[in-house]
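K.L.:
Build me a structure from this.
(chains A and B)
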Amino acid sequence: MADVRCPMCGKPNPEELELCQFCQARIKPLEGRSPAEEFNSPIGAEPPLDTGGEQDSIDEWLNFLRQSEDEGEPRPFDEEQLADWMKEDLDIKMPESQEPLEPEGTPDWLSSLRSIADEDAPEPPDVEKAQPAVEPSPTDSSEENEIPGWLSKLRSRRTAEEGEADQEFAFQLGEEPKISEQAGIQEDRSAISTESVSDWLSELRGEEAPVVDSSQPPELVQEELPAGQVEIGEEVVQPGVGVVSQDEDIPVVEADRASEIQPQTEEIPDWLAGIVAGGAAVAAAEGVEADLDNLPEWLADLEKSSALDREEIVPFGEEGEELTFDWLQTQVRAGQETPYGEELTSDTLGTEADTRGVGPFVGDLSDFLEEAELSSLEAAQPGVEQPGGDLSPAELPTWLEAMRPVDAAAGVYAIDAQDGQVESSGPLAGMQGVLPAEPEIARLKKPAVYALRLQVTESQRAHASLLDELVKSEGEPKEIPGRPAVTSPYLFRLIIFAVLISTILWQVFTGSRTSPLPGLMPETFDTSEIIDDLPENALVLLGVDYDPALAGEMEAAAASLVDHMMLKVAYLGLVSTSSTGPALGEHLIATVGSLSGNRYQGIEMYANLGYLPGGASGLQAFAQAPRQVAPFALDPETTAVWSNTPFQAAQDLAGFDLVAVITDDSDKARAWIEQVQPTLNGTPLIMVISTQAEPLVRPYYQANPKQVDGMVVGLAGGGSYEQSHQDLLAGNGLARKYWDAFSLSVLAAVVLIAVGGFVNLVTNLLNAQKQSKADKKR
Amino acid sequence: MSLADMSLPDLVGTLLGFFLTLMVFSYAFGDNALFRATIHIFIGVSAGYAAIVAWYNVIWPQLFLPLVFGSQSERLYILFPLVLSGLLLFKASPRLSWVGSPAVAYLVGVGVAVGIGGAILGTIFPQTQATINLLDTGAGAPPDGSLLFFIAQGVLIILGTVTTLIYFHFGARNRVSGAPRRPEWVEFLARVGQVFIAITLGVIFAGVFTASLTAMIERVQFIYDVFVPLLTGQ
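P.N.:
Alright, predicted model coming up:
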């Protein structure tokens, strides 16, 4: 007992079973005509619109195929010679055809075909399923009921448009082969782009040769297609036949092969016949590529341009429907809404471009670009015969339309899977909705347009308004609030000034000299001893290194000392590292002379050597070579003191009998000590310093050995010196003059500091007590 | 000296000083235009006077005079400072200020060398030796024989010096808990040194105060010496 294979699972089942024992799928059809009738139905018969009995017809169809196989009937073509996609189509689509397919699902069908084919490629194809997929060609409406739904709908569409589509599709190409007609297919398929169809078919090229061989014996093919060369002008590849004469619409086949081929051609469904024909045409096209020298110019151009764009040449079928894929032809006709004779306009271009996903930029083309494009398209179709001389250039095929540089100029390659964009190249060619190979960020896109109105919340809006107000307020002038005329620091400063100035004024106006001068201090005593020990006509270098601000203190401290030296008939040489020093030195001499009643003449009793530039470096230089550093006196005659005065006896500072420095700056005092004192070689160094420099200079005086031999410090030191030498300055010493005011103002300052500190302490204690009470209350 | 005995320049100078002193005293009531004007005048006069002094006391006698009237050796000797001085003039131009950099570098180098050499030889070594010798009774003992006072003074100075130096020693060891801290004995001596530093700062403040007070007294006395004769006509 023969087994019947289940069309669903492919497992053998007993013949008497109607349902598969494995998958419960129906094995025997419920009703319908015999598979032989269906198989012998004329090619090109229209499939019925009603697909209710589709499953039954398929089952019967399959059984018929099995029976014919078992009976050893010749198969239309060898299954091994079928293309993979055809095999998989037979394996997969037939069971799926239980559910009616819609024309809109065609891209998915193609995608699934390719995807499943990749998955099942290693598996050997089922011959029993491949045969009925090739054979069916219903001839009447009853037979059409048994055709799968997707085929029926395609056929119905083709039938509806057959009348005019034949005329449109079979436009006169003259000597041109029908290859260009295939481009019209892409217009109809909104889900499949031109590139996708071309690639899809291009992949067939490598697999179509066996298909062609399956329909014809190898020897026949070799005879009619010598060495891959095809006389395009004379022959046209036809489905299921191979090569036919272009001048004849009926395929030209050899007599001995016609009996074998023609039945197959008639029995093969149109769509499969078209596939086979397409395969043959592609094979022929490969032959064309192989020998471009034999092609006319227009075809050579097409070949070149197609190669540049990586688009495959899709073979065009002849006018007869048996020469092309039926299902593709139907869609081609549906896409031939715009005849070639119709003038291309921007609207039509835009419509065509929209189907390819580049619509937004077509509308942006300027007129001259469109005209140039049309002219280029016309030039690319030299062999196309215009339907009328008055008509504008024919519409170009979409594959050539896609070659326009619009895409490159627009720079947009955005692919939207929802638009039905189909992968055009690579292993995923033909698949729809494939994720792009390159990330979105790497592709040029037109920037998205966003609304300028921000989506903000109320709180954000409030903060933004607050920030805006703050920014605006920064630019607005504001009136500076007036400070109070009397503040506590200002009042405190006035109090201090009033106390001190009143004390001083009191002592000055009264002329009181009641406060005793300080006693003889050790440093003052040492200084006095040094001056007392000076020989007559001694050379004394007097450094005047104080600022005018403290001239009052320094003059009061040094006046008696200078007067003491003058009384010793010492010759003074004034020098200063400060630019104001020479003037202050002159003023000091004048003050001393005024107080003592003596008149000390310049250059006769002293020489103002002037200013020593360079600070410590100047002092170092002066200590090393005083004659070169300060050669002239600062007098109107610019006296060369080192040759005309007592200074000519001194070659360096060690030749001086005494070096006395009057300064108010500890740094200057230290510079004199560090730079000059080591070069004195026993010459005493005394200093008259301000009280503010005393803390830093005293260590040099108290050092053992002494670096400073004597000091007079401030007003107290000057008073001490006057006290020890009351005959100096004629008893009108400045120290004595200022001492009472100084003593009283210092006392007032002490009282102020003490009282201020006490008040501050009491205030803080009271505040702390109040704070503690407040904390306790809390 | 009364105003009547003064010469006209001295009288003008005295009166000018009188009013400028009053204008400076106006600062006691706050910053005002009189005080600022006085300050500006003082700065201008000081700068002008310094320029004159520099010309008459430095540039002319020590640069141009030897260059014009000096011997050949003096001219060669002057050439080096003349070139450096000329390079310094390029410092006025921001674009060519780099030309004066060698002169500035020379000045800085000499200044640093002089300063460091003087500090080492004139302060550090002598003062260190002096501190060591504070307890040298044979070298510095007073002749009156108050040896105890001498030793006490020396010990106090040494203590103040050492503790002050310890105060400025900030070396500390890391501890597991808390911030790095000096050893306790170092911390104690540093606090002692801090007392000496506070006393020193107080002395310096007192010195500054008394110096300023003396200057103020001198100015008040000057105002009195000028104002009273003006009022009395003497």
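K.L.:
Surely A:L550 and B:A215 touch.
P.N.:
Yes - at 5.5 Å, A:L550 counts as touching B:A215 under the criterion of Cβ atoms under 8 Å. Using the backbone N, CA and C atoms, a C-beta is placed for each residue, glycine as well.
K.L.:
and the closest residue to chain B within the stretch 601-750 of chain A, how many residues sit next to it?
P.N.:
Of all residues in the stretch 601-750 of chain A, A:E674 sits closest to chain B, at 2.9 Å by Cβ to the nearest Cβ. By other Cβ atoms under 10 Å in any protein chain shown, 25 other residues sit near A:E674.
K.L.:
That one: what secondary structure?
P.N.:
Local secondary structure at A:E674 is given as helix here, using DSSP: H, G, I helix; E, B strand; the rest coil.
K.L.:
B:Q127 versus that one, what's the distance?
P.N.:
11 Å (Cβ to Cβ, to the nearest Å).
K.L.:
swap in A:Q628?
P.N.:
According to Cβ to Cβ, A:Q628 stands 31 Å off from B:Q127.
K.L.:
tell me the mean pLDDT for the helix or strand containing A:Q771?
P.N.:
Per DSSP states H and E, A:Q771 falls inside helix A:734-777. Helix A:734-777 carries an average pLDDT of 91.
K.L.:
For it, name the packing helices and strands.
P.N.:
helix A:488-510, helix A:551-567, helix A:714-724, helix B:184-232 (3 or more Cβ pairs under 8 Å, 6 or more residues apart in numbering or on different chains; DSSP states H and E).
K.L.:
Please repeat the previous calculation with a cut-off of 10 Å.
P.N.:
Counting contacts by 3 or more Cβ pairs under 10 Å, 6 or more residues apart in numbering or on different chains; DSSP states H and E, helix A:734-777 packs against helix A:488-510, helix A:551-567, helix A:581-596, helix A:714-724, helix B:184-232.
K.L.:
Near B:L22, how many residues? Count them for me, please.
P.N.:
Residues near B:L22, counting by other Cβ under 10 Å, number 14.
K.L.:
ok, back up a step: just give the closest residue to the residue of the stretch 601-750 of chain A closest to chain B, not the sequence neighbours.
P.N.:
Spatially, and ignoring its direct neighbours in sequence, A:E674 is nearest to B:G122 (2.9 Å; Cβ to Cβ, 6 or more residues apart in numbering or on different chains).
K.L.:
Report the separation between A:Y490 and A:I496.
P.N.:
Counting by Cβ to Cβ, the gap from A:Y490 to A:I496 is 11 Å.
K.L.:
How about A:F632?
P.N.:
48 Å.
K.L.:
between those two, which one's more packed in?
P.N.:
Neighbours per residue, other Cβ under 10 Å: of A:F632 and A:I496, the larger number sits with A:F632, 21 against 16.
K.L.:
Report pLDDT for that one.
P.N.:
pLDDT for A:F632: 85.
K.L.:
same thing with A:E208?
P.N.:
45.
K.L.:
shouldn't B:A28 be in contact with A:A498?
P.N.:
Yes - using Cβ atoms under 10 Å, B:A28 makes contact with A:A498 at a distance of 8.6 Å.
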